[in-house]
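J.: need a 3D model of the sequence below.
(chains A and B)
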Protein chains: 2
Amino acid sequence: MIKTFTYKELMQLPSRYRGQLLNKVSGLKPANLIGTLSKTGQTNLAVFNSVVHIGANPPYIGFILRPTTVERHTHENIKETGVYTINQITTAIHQQAHQTSAKYDRSISEFEAVGLREHYHLDFPAPFVTESPIKIGLRFEEEHYIKCNDTRLVIGRVEHLQLPEAAIAEDGSINLAEQDGVAIGGLDSYYSVDLLGRYGYAEP
Amino acid sequence: MIKTFTYKELMQLPSRYRGQLLNKVSGLKPANLIGTLSKTGQTNLAVFNSVVHIGANPPYIGFILRPTTVERHTHENIKETGVYTINQITTAIHQQAHQTSAKYDRSISEFEAVGLREHYHLDFPAPFVTESPIKIGLRFEEEHYIKCNDTRLVIGRVEHLQLPEAAIAEDGSINLAEQDGVAIGGLDSYYSVDLLGRYGYAEP
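T.: Presented below is the predicted three-dimensional model:
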């Protein structure tokens, strides 16, 4: 049996039910931790499932920022310092990563609260996650205010990239299953992955 | 051994190598087919790995549009008709989905070219993919031009949602592994998924 919903029917659903459903129908999401530092030197770490590739030449990455307490700390810190880190969530740390979504006071570092370690690279003033095999340092580039629901697209330029040399194939590719990568469903479900196949540039 | 790259070092890499690397470091991506109809009634279908949840209340979904031939047909059709569909890619159809990325002439329907079937729902004037268990019909809502690299964020409001009744848990959640969902790495790698765990709302 196929269940169908119109816009009107979706809007009449209980709010939590609609949230569960609509957060999951758009498919599997990337699993990343965004690390920032406040003006006063306090670190912050938050799980994000909305990181999106913007371009490789030059290298830009975006993410969607919701007007929640947790994500607001990240946004405030990016505004203050201009920089942030994106760190891969693996099966090994996915439960700690999820725990960063709790509403900690801004005076508490989620690194300490969930038991992940800060890593600093050269003089880049934002904390990376030691346990993440793929670590990206970004500088804020541009932001778009999404009128329809008061969210933002935040875009940064990749300033630093760190990953295991053995993870990079000869052509620059990475097998994300070998790197223990995780995908997210909605806001609460975490999935391990297995490579089905890698395909060449498609020709008509 | 950890390999590190600065922005400058990334920009000096050969273009294809940099593309492979940077398309993969941001993590696993959702796997969807976007279906559209041109003014003259020609259907179009294209694989997208950049769909991003914008909000559930009201229900909005976005995607990043690159200035390529393949994605331009999708954009032109959305501009012409105001509507489009987002359809889940499963392990069963992931190779056909990848084949839609070939540069077919606008006069050729990728549905026919790759062997997927068109499904129409009520009077909604855009084609869904019969083989996709989760089918979403959207109406264009807003668009943001991304200055740094000439791409766009396109946002639509969910007008129609169709999925198997048995896929929806009592609380509105969906197990995407049970729905045979696929995640994408970069532009060329497809992954199956297994549920690691589903976790409650995190508390400090």
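J.: how about the longest helix along chain A against chain B, any contact?
T.: Counting by DSSP state H, the longest helix found in chain A is helix A:69-81. No. Using CB under 8 Å from any CB of the partner chain, helix A:69-81 never reaches chain B; the gap is at least 9.2 Å. For every residue, glycine as well, the C-beta is placed using N, CA and C.
J.: repeat for stretch A:51-68
T.: Yes. Applying CB under 8 Å from any CB, one finds stretch A:51-68 touching chain B at A:51-62, A:64, A:66.
J.: what's the end-to-end length of that stretch?
T.: End-to-end distance for stretch A:51-68: 16 Å, by CA to CA, to the nearest Å.
J.: got a list of what A:L33 touches?
T.: A:45-48, A:86-87, A:89, A:97, A:100, A:116, A:129, A:132 (CB atoms under 8 Å, 6 or more residues apart in numbering or on different chains).
J.: what about these, which one has the most neighbours?
T.: Within these, most neighbours by other CB atoms under 10 Å in any protein chain shown means A:I89, with 31 neighbours.
J.: give me the distance between that one and B:A46.
T.: The gap separating A:I89 from B:A46 is 29 Å, by CB to CB, to the nearest Å.
J.: flag every buried residue along the least confident helix or strand in chain A by mean pLDDT.
T.: In chain A, no helix or strand scores lower on mean pLDDT, DSSP states H and E than helix A:69-81, which sits at a mean of 91. Neighbour-count burial for helix A:69-81, counted by 16 or more other CB atoms under 10 Å in any protein chain shown, picks out A:70-71, A:73-75, A:77-78, A:81.
J.: give the bridge partners for A:H144, please.
T.: A:H144 has these beta-bridge partners by DSSP bridges: A:L153.
J.: wait, it sits on B:L153?
T.: Yes. With contact defined as CB atoms under 8 Å, A:H144 counts as touching B:L153 (6.5 Å).
J.: overlap in contacts, these two.
T.: Residues touching both A:H144 and B:L153 (CB under 8 Å, 6+ apart) are A:153, B:144, B:146.
J.: make TSV out of those residues and add pLDDT and neighbour count.
T.: TSV is the format used below for these (pLDDT from 0 to 100; neighbours: other CB atoms under 10 Å in any protein chain shown):
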residue	pLDDT	neighbour count
A:L153	98	24
B:H144	98	19
B:I146	97	21
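J.: quick check: closest non-adjacent residue to the residue of chain A most remote from its centre.
T.: Ranked by distance from the centre of chain A (CA atoms, centre = their mean), the top residue is A:M1, with 34.9 Å. Once flanking residues are discounted, A:M1 sits nearest to B:E165: 4.4 Å by CB to CB, 6 or more residues apart in numbering or on different chains.
J.: list the contacts for the one you found?
T.: A:1-3.
J.: now do A:H73
T.: For A:H73, the contacting residues are A:36, A:38, A:44, A:46, A:106, by CB under 8 Å, 6+ apart.
J.: what's the farthest-apart pair in the residues you listed?
T.: Largest separation among the contacts of A:H73 by CB to CB: A:S38 and A:A46, giving 13.0 Å.
J.: related to what we said a few turns ago, ok, so of the contacts of B:E165, who is nearest B:S26?
T.: Closest to B:S26, out of all of the contacts of B:E165 and judged by CB to CB, is A:K3, at 32.7 Å.
J.: hmm, that closest one is touching B:L163, no?
T.: Yes. At 6.1 Å, A:K3 counts as touching B:L163 under the criterion of CB under 8 Å.
J.: compare these two and say which is more crowded by neighbours.
T.: More neighbours surround B:L163 than the other of A:K3 and B:L163, with 22 against 14 (other CB under 10 Å).
J.: what packs against whichever helix or strand the more buried one is part of?
T.: Per DSSP states H and E: B:L163 is located in strand B:151-164. Where contact means 3 or more CB pairs under 8 Å, 6 or more residues apart in numbering or on different chains; DSSP states H and E, strand B:151-164 is packed against strand A:2-6, helix A:7-12, helix A:15-25, strand A:135-146, strand B:59-65, helix B:69-81, strand B:83-88, strand B:135-146.
J.: tell me the contacts of A:T69?
T.: Counted by CB under 8 Å, 6+ apart, A:T69 has contacts A:K103.
J.: same check, this time on A:G200
T.: Contacts of A:G200 by CB under 8 Å, 6+ apart are B:D188.
J.: tell me the SS of it?
T.: Following DSSP: H, G, I helix; E, B strand; the rest coil, A:G200 is assigned to coil.
J.: looking at the helices and strands packed on strand B:151-164, which is nearest to A:Y190?
T.: Comparing the helices and strands packed on strand B:151-164 under CB to CB, the one sitting nearest is helix A:15-25, at 12.7 Å.
J.: and the next element down the chain from that closest one?
T.: By DSSP H and E, the next helix or strand past helix A:15-25 is strand A:29-30.
J.: so that following strand, near chain B or not?
T.: Yes. Applying CB under 8 Å from any CB, one finds strand A:29-30 touching chain B at A:29-30.
J.: just how off-centre is that strand within its chain?
T.: When C-alpha coordinates are averaged (CA atoms, centre = their mean, to the nearest Å), strand A:29-30 and its chain have centres 8 Å apart.
J.: average pLDDT across it?
T.: Mean per-residue pLDDT for strand A:29-30: 98.
J.: and the contacts of it?
T.: By CB under 8 Å, 6+ apart, strand A:29-30 touches A:49-52, A:183-185, B:26-30, B:52-53.
J.: B:K8: which of those is nearest?
T.: B:S26 (20.0 Å).
J.: number of nearby residues for A:L187?
T.: Look at A:L187: counted by other CB under 10 Å, it has 21 neighbours.
J.: so it sits against A:K24, correct?
T.: No. Using CB under 8 Å, A:L187 is not in contact with A:K24, being 9.0 Å away.
J.: does A:A56 really touch B:V25, like I thought?
T.: No. The criterion here is CB under 8 Å, and A:A56 misses it with B:V25 at 9.8 Å.
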